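Enquirer: Need a 3D model of the sequence below.
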Amino acid sequence: MSRKELPWILLLGAFLLAWPTIDRKILLPLFPPKAPAPAAPAVSAPPVVSAAVPVPAEAAPEEAISGHPNPMIAAPSAETEETPARPEEWPVLTNDCVKMTFTTYGAALRSVQLLKYRESVDRTSPPVILNFPDRPVLSYSGLPGLGASNDFTVQALENGRQLRFERHTASGLWFVRTVTLDEAYRLSIRDEFRKDRGENVSLPPHRLRLGILSGRPGETRVKGMEFLGLDTLSPGGEKVQYWGKQFAKFFSTDRGVRPPESVDRTFPIDGQRLDWVALKEKYFVLILTPEGGAESVSATIRRTVTGQEISDPGFKPSLTLASVEADVKYAGGWTSNPDDAVERVFTLYAGPKQYSELSRFAFHQVDLMEFGMWAPIGKVLLRGLNAFHRLIPNYGIAIILLTCIIRLVFWPLTHKSGQNMKRMQELQPEIAKIKASIKDPKKQQQATMALYKEHKVNPVSGCLPMLIQIPVFIALFVVLRSAIELRFAPFLWIKDLSEPENLFHGAIPYLAGLNLLPLIMTAVQVWQQKLTPAAGDPAQQKMMTWMPIIMLVFFYSFASGLVLYWTANQSLMIVQLLLQRRHAAHRPA
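Expert: Purely as a prediction, here's the structure:
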């Protein structure tokens with residue numbers, strides 16, 4: 001890249017970043033659609049397009065054989081239309097971390113209140129609630145008399161951490177569910193199926209509802225990054241599968257969708273057994289772990305329909321998930337001897353996506369945090385961050401202290417690199433003489449390398465510290481993008497280190513808000529560049545002067561915690577350069 005090309009590339013990059021705003025604010029009002037769609041009826045929630053997506057696609061579901069087109073939308077039955085004989089009750093299990101509210105309709109979990117996490121950045125806001133009023137978690141479908149519309153009796157056991165639900169169906173099936181609240185955010189569930197009159201127990205194919213998640217209000221969406229997802233682990237030593245990355249393709253052919261219309265699709269259901277299945281958002285997760293595994297999982301994903309898609313039938317929609325829902329499938333044919341019960345045991349985790357919590361569980365459940373190939377570095381950084389927070393309970397200070405440790409680790413390498421660049425700067429007059437006296441590029445390069453070798457200078461050592469720190473930076477980015485530790489963590493004027501600052505929100509045209517920390521980072525980086533010894537080709541040096549602007553565009557919408565790390569890193573680099581200059585000033589010539 002030449003210095004003449006760089007401004008055009010930067011201009012093009014800025015234009016691409018600004019295009020959505022230009023298209024929405026300027027072009028759309030100037031060139032409205034010729035045939036706009038009829039206005040959508042007023043609704044309280046954004047219109048959505050849904051698709052039933054079992055994961056992955058291999059075998060056809062039984063529901064398709066029965067003639068119903070969608071396995072996630074069961075045909076009405078006597079079970080679902082039954083009127084409960086008793087009024088609904090809402091028994092509660094609670095500890096220091098959660099308050100779990102159940103319902104006697106379906107013997108299911110209606111809501112989870114996370115007592116240690118507030119709903120918004122406002123310190124007086126109530127705790128986070130994972131709410132499932134219409135599709136309660138742990139309710140069955142496909143078992144007549146045991147669905148979400150059937151009423152169960154409930155008994156709270158003496159220890160206050162256990163509930164016992166019972167129901168006797170019209171077919172003579174006795175069902176007993178015992179729910180125990182373990183420590184922190186985990187439930188243990190035991191289901192017993194027994195027939196009276198000495199008959200065998202035979203269960204048809206059925207489903208267990210895992211729940212639905214839709215994310216938290218006020219969370220900043222990052223383009224190209226979706227936090228709503230579905231993860232599974234199959235037996236046999238396979239890796240965790242992240243199915244949320246494949247959700248976009250199920251909507252890639254949508255055109256001209258009009259609310260309140262929706263697009264429903266049916267896909268074959270996975271035939272492999274599952275060790276566990278997780279439904280997750282940015283900071284919270286539901287994990288169902290059936291003892292002995294389950295047959296498969298089926299997901300219903302729902303996306304938001306944008307205003308431009310409504311007005312322009314030819315507009316290709318981008319994926320913005322509104323919610324993800326999941327059901328776990330069990331095969332039929334389970335039988336028992338007369339007077340014996342069929343038992344099913346499983347656990348449900350409903351809580352934060354926190355490394356310290358998930359790392360205690362087996363079957364690689366901690367891998368749903370998606371640290372990826374940077375997991376070894378990321379885990380060390382996260383542990384260090386939490387260790388500093390225990391010493392000084394402020395995550396902004398913890399990030400700065402962690403940055404200091406990282407700089408100390410790389411200090412000898414960056415110090416040697418700085419000395420090398422200083423010697424290269426001193427050799428510039430000699431290099432200029434070589435260029436003036438030798439015109440052949442090959443011989444010119446050979447003479448330059450000989451000069452470097454004579455003075456023991458490594459021309460690539462200046463890039464080495466940056467290259468080595470890139471894995472650390474990427475690992476920290478992966479960790480901080482969904483670290484619940486930074487959620488609503490304040491530092492100085494920053495209210496939430498997990499989000500951009502968004503100062504003066506709504507007061508600045510074409511901007512969501514002012515992010516001051518990236519501007520400080522840019523100023524610090526300009527200062528650091530001026531202190532760095534100039535070496536190498538002058539054209540390349542001029543190109544590097546654009547780097548602070550590139551980094552400003554790159555970091556402007558990032559989480560404040562990550563920008564704070566990079567600003568502290570550059571500030572410590574300035575300290576090191578100033579110390580090197582002071583040492584060089586007292587060194588004999």
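
Enquirer: Am I right that residue 178 is in contact with residue 163?
Expert: Yes. The criterion here is Cβ atoms under 8 Å, and residue 178 meets it with residue 163 at 7.4 Å. No exception for glycine: its C-beta is placed from N, CA and C like everyone else's.

Enquirer: And those two? Which one has more around it.
Expert: Neighbours were counted for residue 178 and for residue 163 using other Cβ atoms under 10 Å; residue 163 has more, 22 against 17.

Enquirer: Hmm, that one is touching residue 188, no?
Expert: No. Counting by Cβ under 8 Å, residue 163 does not reach residue 188; the two are 11.4 Å apart.

Enquirer: Residues in contact with both of these two, list them for me.
Expert: residue 179 (Cβ atoms under 8 Å, 6 or more residues apart in numbering).

Enquirer: beta partners for residue 194?
Expert: Beta-bridge partners of residue 194, counted by DSSP bridges, are residue 174.

Enquirer: Wait, it touches residue 201, no?
Expert: Yes. Applying Cβ under 8 Å, one finds residue 194 in contact with residue 201, separated by 6.4 Å.

Enquirer: what sits in contact with each of these two?
Expert: Common neighbours of residue 194 and residue 201 (Cβ under 8 Å, 6+ apart) are 173, 340-342.

Enquirer: Just the buried subset of the residues you listed, please.
Expert: With neighbours counted by 16 or more other Cβ atoms under 10 Å, the shared contacts of residue 194 and residue 201 contain buried members at 173, 341-342.

Enquirer: Could you export these as TSV, including pLDDT and distance to residue 565?
Expert: Listed next are these as TSV, based on pLDDT from 0 to 100; distance: Cβ to Cβ, whole Å:
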residue	pLDDT	distance to residue 565
173	87	58
341	77	56
342	83	54
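
Enquirer: Could I get those in JSON lines, plus columns for distance to residue 444?
Expert: Shown next, in JSON lines, are those (distance: Cβ to Cβ, whole Å):
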{"residue": "173", "distance to residue 444": "89"}
{"residue": "341", "distance to residue 444": "87"}
{"residue": "342", "distance to residue 444": "83"}
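
Enquirer: Closest one to residue 572 out of the shared contacts of residue 194 and residue 201, please.
Expert: residue 342 (62.8 Å; Cβ to Cβ).

Enquirer: So in terms of bridging, what pairs with the closest one?
Expert: Residues in beta-bridge contact with residue 342 (DSSP bridges): residue 193.

Enquirer: ditto for residue 296
Expert: residue 329.

Enquirer: ok, it to residue 278 distance?
Expert: Residue 296 sits 15 Å away from residue 278, going by Cβ to Cβ, to the nearest Å.

Enquirer: can you list the domain ranges for the protein.
Expert: 54-76+205-331, 84-202+334-352, 382-585 (automatic domain parsing).

Enquirer: hey, least reliable of the ones you listed by pLDDT?
Expert: The minimum mean pLDDT among the domains of the chain belongs to domain 54-76+205-331 (a mean of 68).

Enquirer: right, and residue 210 touches residue 289 too?
Expert: No. With contact defined as Cβ under 8 Å, residue 210 does not reach residue 289; the gap is 11.1 Å.
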